Structures are given as structure tokens and as C-alpha cells.
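>>> quick check, what structure comes out for this input:
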Amino acid sequence: MATSVTEIETHGVEQIPDEERTARPLDLFRLAFGGANTFATCVLGSFPILFGLSFWQGLAATLLGLVAGALLLAPMALFGPTNGTSNSVSSSAHLGVHGRVVGSFLALLTAVAFFSISVWSSGDALVGGAHRLLGVPESTMTYALAYAVFAGLVLVVCIYGFRFMLLVNKIAVVAASALFVLGAFAFAGDFDPGYAGAFASTADPLFWPSFIGSALIVLSNPVSFGAFLGDWSRYIPAATPRRRVMGAAFLAQIATLLPFVFGLATASVIATQAGKYFDPDAPNYVGGLLAIAPGWYFLPLCLIALIGGLSTGTTALYGTGLDFCSVFPRFSRVQATILIGVLSIGFIFVGRFWLNLTQSISTFATLIITCTAPWMIVMALGYVTRRGWYDPEALQVFNQRRTGGRYWFTHGWNWRGLATWLVSAAVALLFTNLPGQFVGPLGNLADGMDISLPVGLVLAAVLYLVLLALFPEPRGVYGPAGPRFVRASDAEVLPISGGPQEAPEAPAAPAPVG
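This next block holds a predicted model:
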């Protein structure tokens with residue numbers, strides 16, 4: 001029986017019972033879209049203009065990055081319905097029951113970073129709009145109050161859990177979307193789709209680095225959901241057609257064209273009418289937006305800040321609590337959420353008022369995403385080679401403090417997946433090029449283009465398949481139909497043992513297929 005919206009969710013990362021898995025692909029769409037339908041996405045949408053592209057060039061880069069990112073993200077929605085648990089726990093099948101901590105910490109770091117960015121951007125917009133609308137002073141105390149209100153509301157929603165978060169996002173998706181559409185009327189008189197940008201032609205040596213860089217920034221937004229998409233899809237019944245689950249995740253990202261184009265279009269207006277806010281050394285999209293907005297749109301801006309910040313913050317912080325309790329099972333989901341929430345709030349205040357870490361956190365988020373993309377490739381290719389077959393009991397060995405099972409591999413580590421992730425992420429970081437922030441030793445090899453994500457993705461795909469071919473995994477990790485595209489070995493699968501009670505031995509390895 002499904003829990004009520006007003007009941008506090010007690011489930012951690014254990015498999016969700018079938019009778020409680022009543023969510024639909026539409027609910028996944030609402031959560032994924034709602035989590036990105038906010039000012040933080042608008043800020044990302046402004047980067048093509050900041051990089052000197054014209055409006056149409058920026059739109060092309062946005063479409064390229066968004067479609068590529070959505071295609072990369074979509075398979076990550078399948079693990080939740082298949083296994084009834086989070087993606088980090090599902091990664092045990094490919095990195096080992098101990099190696100799955102890689103996914104947990106990637107999710108943890110990504111969520112904290114994006115939670116901070118969301119609170120900062122939405123809080124700044126709310127205070128700025130209130131100042132222009134009601135004369136509220138833009139003081140340290142006012143900003144601190146705005147951040148505290150945001151963070152406190154987000155924490156309460158996350159403590160209640162999935163059902164309450166889904167309710168918030170049902171409202172947020174409609175409300176924020178309507179307010180963004182209203183913005184089209186607010187800026188229609190000033191917007192010029194013929195905005196030319198800084199490049200006379202595509203032959204300019206800086207054009208392609210700017211175009212590719214813009215597309216990769218957009219692509220990073222869908223990728224940021226990869227590590228914790230299963231946190232929400234695990235409530236979808238296992239029998240749901242895979243194409244519907246993947247379609248919901250894909251379309252949720254395509255729908256973010258709304259905030260992306262809002263950011264792109266308004267950025268072109270800011271560049272024309274208030275260029276000082278686009279100083280490359282200290283860009284301030286939110287400040288520029290408030291400077292060009294008509295007076296009657298200040299209230300909608302404040303509402304977007306409130307609704308969008310709440311929606312994005314909940315989808316981020318919910319994942320942090322869930323993944324923390326998966327790494328440290330002695331904490332319940334609620335305890336882990338409160339602990340991580342309090343630490344994140346403290347981090348936000350220290351970073352904003354004492355250390356000025358706003359830009360550094362944006363850089364940190366980009367680097368974390370660069371490391372997450374190869375992990376997603378391992379997961380997606382692993383799903384394909386396993387034909388989507390998993391052993392839910394063996395996935396929970398780490399959480400139950402037991403040993404053995406199909407995914408024990410070498411003392412709980414599957415070096416094939418781990419080596420693929422580690423090498424690919426490290427090489428990708430070498431190619432990172434974030435001027436003025438972080439430039440890897442090989443960052444300038446592509447004429448200034450940041451090709452870290454493509455390098456990491458391609459290398460991970462090739463290396464993982466090569467390792468699976470040269471060093472086959474035990475036949476016991478595959479389902480009755482056997483492996484797809486790769487070979488299997490006859491290595492022994494250890495029985496599950498230990499924990500509160502002895503578990504039965506793992507089923508015998510299936511017979512070879514073909």
C-alpha cells in the first residue's frame with residue numbers, strides 16, 4: 001500500500017516493495033523536469049551569449065547539448081524500476097558491492113553542489129526582485145534570511161520524502177512553466193532574434209571552441225541527474241515498459257528548453273542593454289535580468305525564484321540523504337537527510353558570506369559531472385551486456401553487511417568497471433578547459449575547446465568493452481539468457497553469507513547460451 005503524502009518516508013536504499021511502487025513515468029517526468037525548471041538552468045542557458053555566440057548559434061548549441069545529454073541520461077532511468085533501489089546501489093553489479101561507493105559519493109558531491117547553486121541563485125533573485133518591487137534592503141541579513149528560508153523548506157520536504165517531493169514538483173512544473181511563458185511577453189519588446197554576437201563568421205578561430213563549450217555546458221545539466229535518477233524511478237513498477245521509462249527521462253530534459261531558451265533570450269537582451277552584467281571576469285545573469293525586467297514582472301521573478309529553488313533543492317538534497325544512508329547503513333534515511341541537510345546549509349552560508357566560493361562551486365560541479373559521465377557509460381553498457389537482468393538480493397549485500405553473492409567479484413570490487421571509470425575520469429580531467437578556473441595539462445590541445453566530456457565518454461565505452469572481452473565476468477552475473485556482445489567465464493560465484501542471518505546460497509550459474 002502506498003504511503004500518504006503526510007507520512008514520513010522510512011525507506012532507505014532497500015528494495016521498494018512491489019505494493020508501494022505506484023509511481024508512473026509521468027511522475028518521473030515531473031520530478032526530473034521540475035528539478036531543472038529553475039533559475040539555475042537559465043544561468044546555464046545564458047552561457048552561449050556570454051561566450052560570444054549569436055542567438056541562433058546559441059540555440060543550435062543548446063539543442064545539440066540538450067539532445068545529446070538527454071540520450072545519455074535516458075538509460076539511467078531503467079535501474080530504478082528493474083531493481084527497486086537507487087542507481088548507486090544498482091552499480092554494485094558493475095563495480096562490485098564495495099565499488100558502488102563511487103556512485104554514492106558522485107551523487108553526494110553533485111547534489112550538494114547543485115543544491116548550493118540553486119539556493120544561491122534563487123535566493124539572489126528573490127532578494128533582488130523584492131528590493132525592486134517592495135524596497136526590501138539588499139543586506140547581508142536579507143540574503144541570509146532568504147537562503148535560510150529556502151534551505152529550511154527544502155529540508156522539510158526532503159524529510160517527508162518521495163511522495164511529498166512529488167506533490168511539490170507537480171505544482172512547481174505547472175507554476176514555474178507558466179511564469180517562464182509569461183516572461184516571453186515581458187521581454188518580447190526588447191528581444192531581437194537577430195542578435196549577432198561577437199563572431200563575424202564561423203571562420204573565427206574562437207568560434208568553434210565557444211560553440212562546443214556552450215553545448216557541453218548544456219549537456220552537463222542532464223548528466224548531473226545520472227547518479228540519482230534511480231532515487232525516483234525506483235517507485236515505478238518493474239513491469240512498466242522500458243521505452244516509457246526512458247521516454248519520460250528523455251522528454252523531461254527536452255522540456256528544459258523552456259528555461260534554457262528563457263536564459264538564452266534574456267541574456268541577449270542583457271548583452272545589448274546592460275552589458276556591464278556580462279563582464280567575463282564577474283558575470284551576473286540574475287542581476288542583469290532584474291535590471292532589464294519591466295516592473296510588473298518582478299513579482300513573477302520572485303515566484304520563479306521561490307518555486308524553482310524549492311523544486312531543484314528538493315530533488316538534489318533528497319538524493320544526498322538517500323546515498324549517505326546507503327554508504328553508512330546505521331543512519332536511517334531521515335537521519336542522513338537531516339545530517340547532510342544541516343551540513344549543506346552551513347556550507348552555503350560559509351561559501352557565500354566568508355569564502356566567496358560561488359564560482360568555485362560552479363567549477364567543482366563541472367568537474368564532478370566530468371567524472372560522472374564515464375560512470376554512466378559503465379552503467380549503461382553494463383545494462384546492455386546483462387540484458388537488463390539483475391539479482392536484487394545480491395545488490396543489497398553491502399547495505400546488509402554481508403559478503404559473497406553474484407556481485408562480490410574480488411573482495412567486493414569489480415576492477416573492470418572501476419578501472420574503466422578511474423582511467424576515463426582521470427583522462428577527461430586532463431582535457432578540461434575552464435579558462436580562469438581550471439585548465440588540465442592537456443586542456444589546450446583542441447585549440448581551446450573543452451573536450452573533456454567527449455573524451456571521457458568515448459574512452460569509457462571503448463575501455464569497458466575491451467576489458468569485458470579480455471577478462472570475462474563470471475557467468476553467474478548474467479541472467480538465464482546469458483551475456484550479450486561479450487563472453488563469460490566459469491569463475492565461481494560465492495554464496496551470500498553473514499549479516500543478521502545467514503542467507504541461502506546464490507543460485508547456480510546459468511548454463512552457457514549459444
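>>> gap between the helix or strand harbouring residue 457 and the chain center?
For residue 457, the host element (DSSP states H and E) is helix 452-470. With Cα atoms, centre = their mean, to the nearest Å as the basis, helix 452-470 stands 21 Å off its chain's centre.
>>> cool, and stretch 59-76?
13 Å.
>>> what residues of that stretch count as buried?
Of the residues in stretch 59-76, 59-70, 72-76 count as buried by neighbour count, 16 or more other Cβ atoms under 10 Å. In this view, the C-beta of every residue, glycine as well, is placed from N, C-alpha and C.
>>> do the same with stretch 412-429
Per 16+ other Cβ under 10 Å, stretch 412-429 contains these buried residues: 412-414, 416-421, 423-425, 427-429.
>>> show me the contact partners of it.
91, 94-99, 102, 367, 370-371, 373-375, 377-378, 382, 397-398, 403, 407, 409, 440, 452-453, 455-457, 459-460, 463-464, 467-468, 471, 473 (Cβ atoms under 8 Å, 6 or more residues apart in numbering).
>>> equivalent analysis for stretch 122-140, please.
By Cβ under 8 Å, 6+ apart, the list of residues contacting stretch 122-140 reads 38-40, 142-143, 146-147, 150, 286-287, 289-290, 293, 295, 298-299, 301-302, 304-306, 308-309, 312-313, 353.
>>> enumerate the positions of the helix or strand harbouring residue 184 that are buried.
Taking DSSP H and E as the definition, residue 184 sits inside helix 162-187. Residues of helix 162-187 classed as buried: 162-166, 168-169, 172-173, 175-177, 179-180, 183, 186-187 (neighbour count, 16+ other Cβ under 10 Å).
>>> residue contacts, residue 348?
Residue 348 makes contact with 115, 116, 119, 120, 147, 151, according to Cβ under 8 Å, 6+ apart.
>>> thinking again about what came up before, ok, of the buried residues of stretch 412-429, which one's closest to residue 329?
residue 412 (14.7 Å; Cβ to Cβ).
>>> just say helix, strand or coil for the closest residue to the closest one other than its chain neighbours.
Spatial nearest neighbour of residue 412, excluding adjacent residues (Cβ to Cβ, 6 or more residues apart in numbering): residue 98 at 3.4 Å. In three-state terms, and counting by DSSP: H, G, I helix; E, B strand; the rest coil, residue 98 is coil.
>>> contacting residues around residue 98?
So residue 98 contacts 398, 411, 412, 413 (Cβ under 8 Å, 6+ apart).
>>> just flag the most distant two among those.
Spanning the widest gap among the contacts of residue 98 are 398 and 411, at 12.2 Å by Cβ to Cβ.
>>> between the two, which has more neighbouring residues?
residue 398 (25 against 9; other Cβ atoms under 10 Å).
>>> quick one: the helices in the stretch 101-250 of the chain, in order.
Counting by DSSP state H, counting those that start in this stretch, one finds helices in the stretch 101-250 of the chain at the ranges 101-134, 140-160, 162-187, 207-223, 230-233, 242-254.
>>> most tightly packed of those?
helix 230-233 (a mean of 29; mean count of other Cβ atoms under 10 Å).
>>> that helix packs against which elements?
helix 25-34, helix 79-83, helix 87-90, helix 298-327 (3 or more Cβ pairs under 8 Å, 6 or more residues apart in numbering; DSSP states H and E).
>>> ranking those by burial, who's on top?
Buried most deeply of the helices and strands packed on helix 230-233, by mean count of other Cβ under 10 Å, is helix 87-90, with a mean of 29.
>>> pLDDT on that one, on average?
Rounded to a whole number, the mean pLDDT of helix 87-90 is 92.
>>> give me the contact list for it.
Taking Cβ under 8 Å, 6+ apart as the rule, helix 87-90 contacts 13, 76, 79-80, 82-83, 100-101, 103-104, 106-107, 226-231, 323, 326, 379, 390, 395-396, 398-399.
>>> any idea how many residues pack against residue 328?
Neighbours of residue 328 using other Cβ under 10 Å come to 13.
>>> can I get stretch 78-94 in CSV, CA atoms only?
This file holds the C-alpha atoms of stretch 78-94, laid out as CSV (Å, rounded to 0.1, in the frame of the first residue of the first chain):
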residue,chain,number,x,y,z
LEU,A,78,15.9,1.9,-16.1
PHE,A,79,17.8,0.7,-13.0
GLY,A,80,15.2,2.0,-10.5
PRO,A,81,12.2,0.1,-11.9
THR,A,82,14.4,-3.0,-12.5
ASN,A,83,15.9,-3.2,-9.0
GLY,A,84,13.7,-1.1,-6.9
THR,A,85,16.6,0.8,-5.4
SER,A,86,18.9,3.7,-6.2
ASN,A,87,21.4,3.8,-9.1
SER,A,88,24.4,3.8,-6.7
VAL,A,89,23.2,0.5,-5.2
SER,A,90,22.5,-0.9,-8.7
SER,A,91,26.1,0.0,-9.7
SER,A,92,27.2,-2.9,-7.4
ALA,A,93,26.5,-5.2,-10.3
HIS,A,94,29.2,-3.4,-12.4
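>>> quick one, what contacts the closest residue to residue 237 other than its chain neighbours?
Of all residues not flanking residue 237 in the chain, residue 21 sits nearest, at 4.8 Å (Cβ to Cβ, 6+ apart). Neighbour list for residue 21: 81, 84, 234, 235, 236, 237, 238 [criterion: Cβ under 8 Å, 6+ apart].
>>> ok, residue 154 next?
115, 119, 309, 310, 313, 314, 317, 341.
>>> among those, which two are most distant?
Farthest-apart pair in the contacts of residue 154 is 309 and 341; separation 14.7 Å (Cβ to Cβ).
>>> would you turn the helices of the stretch 101-250 of the chain into JSON lines with mean pLDDT and distance to residue 491?
Shown next, in JSON lines, are these (pLDDT from 0 to 100; distance: least, Cβ to Cβ, whole Å):
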{"stretch": "helix 101-134", "mean pLDDT": "81", "distance to residue 491": "23"}
{"stretch": "helix 140-160", "mean pLDDT": "84", "distance to residue 491": "42"}
{"stretch": "helix 162-187", "mean pLDDT": "86", "distance to residue 491": "38"}
{"stretch": "helix 207-223", "mean pLDDT": "89", "distance to residue 491": "33"}
{"stretch": "helix 230-233", "mean pLDDT": "89", "distance to residue 491": "28"}
{"stretch": "helix 242-254", "mean pLDDT": "97", "distance to residue 491": "29"}
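>>> so which of the ones you listed is nearest residue 48?
Closest among the helices of the stretch 101-250 of the chain, once you apply Cβ to Cβ, is helix 207-223, at 4.1 Å.
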